[in-house]
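Participant: what's the 3D shape of this:
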Amino acid sequence: MSKVLYLVICAAGPAADAVRLVTAATGRGWDVCVIATPAAADGEFIDRPALEAASGRPVRSTWRRSGEEKRNPPADAVVVAPMTMNSVNKWAAGIADTYALGLVAEAVGLGLPVVALPFWSTALDSHPATRRAVWTLRNSGVRVLYGEGEWMPHPPGTGGERIASYPWSLALDVLADRA
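Facilitator: Predicted coordinates:
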């Protein structure tokens with residue numbers, strides 16, 4: 001039986017290519033469940049049909065209703081990518097006001113392997129709350145792929161130039177060492 005990977009996608013440029021991670025993960029034997037933040041799901045950030053075809057499951061972005069059966073099998077591991085400055089700050093502060101944030105907060109509490117791959121500009125990175133949030137998540141056991149040799153912020157207005165080189169496979173490589 002395959003291990004279950006939850007891929008939580010936030011509303012950032014690389015989200016359009018998230019199928020790359022789904023395809024790579026299924027190729028490594030993972031059963032992938034895709035969860036998108038409301039901003040990623042409602043905007044033009046994700047390719048929902050491609051993600052659903054690659055994962056074999058619907059993309060989820062909302063809480064289930066009372067009495068509704070669980071939608072996905074329990075996760076064995078979680079990847080949050082691309083993780084936005086907004087999501088890292090809310091997550092670290094314990095704000096679980098969306099299905100995606102609720103899942104990642106719970107994953108930490110359950111002690112699951114969680115890997116987060118950011119995507120934000122140097123201007124957003126310079127905000128003290130962002131650095132504190134990364135520190136908080138790391139101290140909670142989340143492997144945040146942020147810093148030299150991993151992922152580095154880009155100058156404002158240049159994110160589009162970094163989408164093609166976004167290191168999706170790095171998240172899976174690190175997860176392989178943790179799961």
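Participant: pull the number of nearby residues for Trp74.
Facilitator: Trp isn't right for residue 74; it's Pro. Neighbours of Pro74 under the rule other CB atoms under 10 Å: 10. Just so you know, the C-beta spots here come from the backbone N, C-alpha and C atoms, and that holds for glycine as well.
Participant: contacts only, for it.
Facilitator: Each residue near Pro74 by CB atoms under 8 Å, 6 or more residues apart in numbering is listed here: Val4.
Participant: what separation is there between it and Lys3?
Facilitator: Distance, Pro74 to Lys3, by CB to CB, to the nearest Å: 10 Å.
Participant: so which bits of stretch 170-179 are buried?
Facilitator: Buried residues in stretch 170-179, defined by neighbour count with 16 or more other CB atoms under 10 Å: Leu170, Ala171, Leu172, Val174, Leu175.
Participant: among these, which lie within helices?
Facilitator: Leu170, Ala171, Leu172, Val174, Leu175 (DSSP state H).
Participant: my read: the third one touches Thr23, true?
Facilitator: When you say that, I think you mean Leu172. No - the criterion here is CB atoms under 8 Å, and Leu172 misses it with Thr23 at 10.6 Å.
Participant: for the residue positioned nearest the centre of the chain, list each beta-bridge partner.
Facilitator: For the chain, the residue nearest the mean C-alpha position is Val80 (1.5 Å; CA atoms, centre = their mean). Beta-bridge partners for Val80, by DSSP bridges, are Val8, Ala116.
Participant: quick check, it in contact with Phe119.
Facilitator: No - the pair Val80 and Phe119 does not pass the contact test of CB under 8 Å, sitting 10.6 Å apart.
Participant: so what sits against both of the two?
Facilitator: Cys10.
Participant: surely Arg20 touches Trp168?
Facilitator: Yes - look at Arg20 against Trp168 with CB under 8 Å: they come within range, at 4.9 Å.
Participant: who has more neighbours out of the two?
Facilitator: Trp168 (22 against 15).
Participant: where's the nearest residue to that one once chain neighbours are set aside, which helix or strand?
Facilitator: Closest residue to Trp168 apart from its sequence neighbours, by CB to CB, 6 or more residues apart in numbering: Leu21 at 4.3 Å. Using DSSP states H and E, Leu21 falls within helix 19-27.
Participant: wait, what's in contact with the residue of the chain positioned farthest from its centre?
Facilitator: Computed with CA atoms, centre = their mean, the residue of the chain farthest from its C-alpha average is Gly67, at 27.3 Å. For Gly67, no residue meets the contact criterion (CB under 8 Å, 6+ apart).
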